[in-house]
Structure formats: structure tokens, C-alpha cells
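K.L.:
predicted model and sequence below, questions to follow.
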Amino acid sequence: MSIIYRKSMDALYLACVAVAGSALVLISAVIPWGVYTRYVVNRAASWPEPMAVLLTIVLTFIGAAACYRSGNHMSVSVLVRMLSGSRQRLARFSAEAMVGALAVFMVIYGSKLCAATWHSDIADFPTLSVGLTYLPIPVGGAITLLFVIERMLIGPPPIELDPEATAMHSPS
């Protein structure tokens, strides 16, 4: 069962990376387009800035889940590393539990936010619901919660090293 869950989390992680990466690429294309239309064409497009903000929401919450799983999310671990074995395990468990609590908070209150704003529209995108734009909050929270469950039940995902880095550190 743990192998199936791990493989599912691997697939979910890759999906998060693809979504967050795509959002970053689109932001990188949309912002220069806005600058081009404003300063070269001398007729500013109204949609690039709000589109970049919406993509930033996706990048933030979906990307944060991916960073958490890969261990690249910011953390302060100096104090944890100074603790003894059993205290260190307790501190790590407590930290995971707090991340899980934050993820549950994001799911519950993010869903309420989506529901409360679902029938409002965005001025620059009148067919787009405000609630839909906030959907990355509860979705990112749910994904993060799944990754927390993975860490607490199975352990952290295995680290895949870059082949070049592995070759550099292997004994010859």
C-alpha cells in the first residue's frame, strides 16, 4: 500500500511542478507583453498585470506544495539539528504536524473563501469567477496535506541525485 501511495505522490509532485513551472513561464511572457504594449505600441493592454497576479497565486500555492515535498521550502533547522535523537524526532514530528494543521486551515478557509467569492467576477476578466481564482489555496492545502501524510506515514521521499553530482562524489 505504501508503494502505491508513494508512486501517487510522485505523480502528484510532478503535476505540481508542471503547473507551477507553466505558471512561471506564462508570467515571464505576460509581463514583457504588457511592457511592450505600454511603451512600444503606446497602447497599454489591460489584462497582463491581473493575469500575472492570478498566475502568481497558482505558482505560490501549488509551487509551495511541490517545494515542501522536495524539501526545498524554506525552513529553520539549526535548532532541530542541535537536539538529541529523541528530541530531534519529536521536533520534526511537531513541525510536520504544524504543516499539516496549516494545510487543513488552507483547505477549510480557502474553500470558504472560494464559496464566498464564487459569484463575483474580475473586472478585467468578466467571465472568470473570483472564487475560481482563489481555488489554488484549498487545492494547494489539500496537496500539501497529502505530502504531510506521506512524510508522517512512509517518511520523506527518496532524494534523486543529479547524475553528474553522483559521478563527482563517487569513489574512483
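P.N.:
Great, that's in hand. Residues are numbered from 1 along each chain as shown.
K.L.:
so is M74 in a helix, a strand, or just coil?
P.N.:
coil (DSSP: H, G, I helix; E, B strand; the rest coil).
K.L.:
try L128
P.N.:
Criterion first, three-state DSSP; result for L128: strand.
K.L.:
return the residues in contact with the closest residue to it other than its chain neighbours.
P.N.:
Residue nearest to L128 in three dimensions, not counting chain neighbours: I122, with 5.2 Å by CB to CB, 6 or more residues apart in numbering. No exception for glycine: its C-beta is placed from N, CA and C like everyone else's. Each residue near I122 by CB atoms under 8 Å, 6 or more residues apart in numbering is listed here: 50, 128, 130, 133.
K.L.:
compare the residues you listed and tell me which is most surrounded.
P.N.:
For the contacts of I122, neighbours were counted using other CB atoms under 10 Å, and T133 has the most, 20 neighbours in all.
K.L.:
could you list every helix and strand in contact with the lengthiest helix in the chain?
P.N.:
In the chain, ranked by residue count with DSSP state H as the criterion, the top helix is helix 2-39. With contacts taken as 3 or more CB pairs under 8 Å, 6 or more residues apart in numbering; DSSP states H and E, helix 2-39 sits against helix 48-70, helix 136-153.
K.L.:
looking at the nearest residue to S120 once chain neighbours are set aside now. What's its pLDDT?
P.N.:
Distances taken as CB to CB, 6+ apart put V130 closest to S120, at 4.2 Å, once the chain neighbours are dropped. The per-residue pLDDT reported for V130 equals 93.
K.L.:
list the residues that contact V130.
P.N.:
Here V130 is in contact with 117-118, 120-122 (criterion: CB under 8 Å, 6+ apart).
K.L.:
selection in ChimeraX covering whichever of those residues are buried, please.
P.N.:
A single ChimeraX command selects the buried members of the contacts of V130 (16 or more other CB atoms under 10 Å):
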select :117,122
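K.L.:
in helices, which of the contacts of V130 fall?
P.N.:
Per DSSP H, the contacts of V130 map to helices at T117.
K.L.:
follow-up on the earlier one: how about a markdown table for the contacts of I122, with distance to T37 added?
P.N.:
Shown next, in a markdown table, are those (distance: CB to CB, whole Å):
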| residue | distance to T37 |
| --- | --- |
| P50 | 14 |
| L128 | 20 |
| V130 | 25 |
| T133 | 23 |
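K.L.:
quick check, nearest of those residues to G63?
P.N.:
Minimum distance to G63 across the contacts of I122 is 16.1 Å, recorded for T133 (CB to CB).
K.L.:
what pLDDT does the residue lying closest to the closest one once chain neighbours are set aside get?
P.N.:
Of all residues not flanking T133 in the chain, L54 sits nearest, at 5.2 Å (CB to CB, 6+ apart). The per-residue pLDDT reported for L54 equals 95.
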